[in-house]
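Undergrad: kindly return the folded structure for what I paste below:
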Amino acid sequence: MDEYLEIERRYLVDGRESKPWREGSELLHIEQHYNVGVLLEPRQDALWFKDRPFTNLTEKEVDFFASTSTWTTRLRKRNDAYVLTYKSRISSDTTLELEWDIEAEKAESLLACGPFPSIRKTRYVLAGIDGMMWEVDEFEGELAGLILAEVELPSSDKEVALPSWVGREITGLASWSNHALAETLASRTN
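TA: Numbers count the residues shown, from 1 in each chain. Take a look at the predicted model:
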């Protein structure tokens, strides 16, 4: 099950001055669309969309679907690639996470059924001084100016060296999740 667990800590970042995370980082352009799972149905060994298989499921993934009904669903476009994610919260810093690469044509067909609550951001990926990988998200659109950082960990009790630019920890605060931010934006337009 460990390969399906995501353990992370999240932080606010003050980006009013220098932005050292931009130096030498991998750069990703990300769009995340939430609640896409309302159009997908797990059946036997696949997730189905409009009476066609959308992505195949392993036996273990089928078991996970049977074990919980509390999923957050997201279709992420990262540069030109799409990834479908189902997440279920286990604790404040740990989620069960299932992910599948999705062909662009299938992903765009699903998104055409929207709109779905969504966010856009630029992500910078860099190694911290202890070798842990950090992802710093600079949000765009109505969330411009918001910067969040997260670090994935091998266990909840793993110590991590915090960069000087990291601010208040927001791990486990649901109102700061990307999903909650997308829902807030969507409610403003309705």
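Undergrad: how about stretch 43-55: buried residues?
TA: 46-47, 49, 54-55 (16 or more other CB atoms under 10 Å). Every residue, glycine included, has its C-beta placed from N, CA and C.
Undergrad: ok, stretch 105-114 next?
TA: 106-107, 110-111.
Undergrad: also stretch 161-180?
TA: So, applying 16+ other CB under 10 Å, buried residues of stretch 161-180: 162-163, 165-166, 170-171, 176-179.
Undergrad: all helices for the chain, in order.
TA: 59-67, 104-111, 178-189 (DSSP state H).
Undergrad: could I get the average pLDDT for the first one?
TA: Mean pLDDT, computed over helix 59-67, is 91.
Undergrad: ok, the buried residues of stretch 161-180 vs residue 71, which is closest?
TA: Using CB to CB, the shortest approach to residue 71 within the buried residues of stretch 161-180 belongs to residue 179, at 11.0 Å.
Undergrad: does that closest one touch residue 72 like I think?
TA: Yes. Here residue 179 reaches residue 72: they are 5.2 Å apart, a contact under CB atoms under 8 Å.
Undergrad: what is in contact with these two at once?
TA: residue 34 (CB atoms under 8 Å, 6 or more residues apart in numbering).
Undergrad: partners of residue 12 in the sheet?
TA: residue 148 (DSSP bridges).
Undergrad: from residue 136, how far out is it?
TA: Counting by CB to CB, to the nearest Å, the gap from residue 12 to residue 136 is 11 Å.
Undergrad: more crowded one of these two?
TA: residue 136 (26 against 15; other CB atoms under 10 Å).
Undergrad: need the contact list for the more buried one.
TA: So, once contact is read as CB under 8 Å, 6+ apart, residue 136 ends up touching 13, 21, 25, 123-126, 147-149.
Undergrad: what segments of the chain are strands?
TA: For the chain, applying DSSP state E gives strands covering 5-13, 26-34, 41-43, 46-49, 52-56, 72-78, 81-91, 94-102, 118-127, 133-139, 147-152, 166-169.
Undergrad: and those strands, which one is worst for confidence?
TA: Taking the mean pLDDT of the strands of the chain, strand 41-43 comes last: a mean of 91.
Undergrad: what strands flank it, and is each parallel or antiparallel?
TA: Sheet pairing for strand 41-43, using DSSP bridges, gives strand 46-49 (antiparallel).
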